[in-house]
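Please find the sequence and the predicted model below.
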Amino acid sequence: MKKGGIAVISSLVGGIVGAAAVGKMSQDTIKEKDGKTNKFKSYYTMLNQWLCIKQQNGNLSDYFKENNYNKIAIYGLGEMGSRLISELNGTEIEVVYGLDKKVDNIFCDIKAYSLDDIENISDKVDVVVVTAIFAYDEIEEELREKFDCDIISLEDVVFEI
């Protein structure tokens, strides 16, 4: 009878532990999906506003001119960074260089540096524009230690025009 009781208790404990583990994994999955959903919602909202600006014959260069940002660096050279480079191409605003954590996988028409290379950059800029708007706070904090110029979010640029 002792073996049977131990088996029942072991089964119950195993079931409870297993259920707790599955519940924890489900919560983590939900949090991850919520994070991705929020990321894409923020991009959608920003891109919609950017499209409105374009439909009114506006250009993001207007923001930079108004704020005396003539030479800029772009942090984040993925899709948003590429769109910003294209937007500013042929304007008075000079994109001096780009920054990205995965600089080895980046192919663009500007000089690109990793965060480790910042100390080796001699070109000065008026502002660093962070295109990874979903992680702006963390990135801004990291860049603040390495730059003495303004650091702004692409989202702020788009919504302040």
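On my side now, so go ahead.

all contacts plus neighbour counts: C-alpha atoms, from now on.
Noted.

Residue 111 and residue 60, how far apart?
When Cα to Cα, to the nearest Å is the yardstick, residue 111 and residue 60 sit 21 Å from each other.

higher neighbour count, those two?
A direct count of neighbours by other Cα atoms under 10 Å for residue 111 and residue 60 places residue 60 higher, at 20 against 13.

so what's the residue positioned nearest the centre of the chain up against?
Nearest residue to the geometric centre of the chain (Cα atoms, centre = their mean): residue 132, 1.8 Å. Residues touching residue 132, when contacts are defined by Cα atoms under 8 Å, 6 or more residues apart in numbering, comprise 75, 76, 80, 153, 154.

Tell me which helix or strand the third one sits in.
Looking back up the chat, that one is residue 80. Residue 80 is located in helix 79-88, with elements delineated by DSSP states H and E.

before we move on, back to that, distance of the residue nearest to the centre of the chain relative to residue 90?
According to Cα to Cα, residue 132 and residue 90 sit 24 Å apart.

So for residue 9, what's the pLDDT?
Reading off the confidence values, residue 9 has pLDDT 72.

Let me know how buried it is, in neighbour terms.
Residues lying near residue 9 (other Cα under 10 Å) number 12.

could we number from 743 for the rest of this?
Sure, I'll start counting at 743 from here, so that last one is residue 751.

three-state assignment of it?
Following DSSP: H, G, I helix; E, B strand; the rest coil, the label given to residue 751 is helix.

Now for it: which residues touch it?
Residue 751 is in contact with no residue at all, counting by Cα under 8 Å, 6+ apart.

residue ranges of the helices in this protein, please?
744-797, 803-808, 821-830, 878-886, 896-901 (DSSP state H).

rank these by pLDDT, which is bottom?
Mean pLDDT across the helices of the chain is lowest at helix 744-797; the value there is a mean of 72.

neighbours around the residue nearest to residue 837 when sequence neighbours are not counted, how many?
Residue nearest to residue 837 in three dimensions, not counting chain neighbours: residue 814, with 5.0 Å by Cα to Cα, 6 or more residues apart in numbering. A total of 22 residues lie near residue 814 under the criterion other Cα under 10 Å.

can you tell me which residues contact residue 814?
Contacts here follow Cα under 8 Å, 6+ apart; on that basis residue 814 touches 835, 836, 837, 838, 839, 867, 868, 869, 870, 871.

do that again at 6 Å, thanks
Shown in contact with residue 814 (Cα atoms under 6 Å, 6 or more residues apart in numbering): 837, 838, 867, 868, 869, 870.
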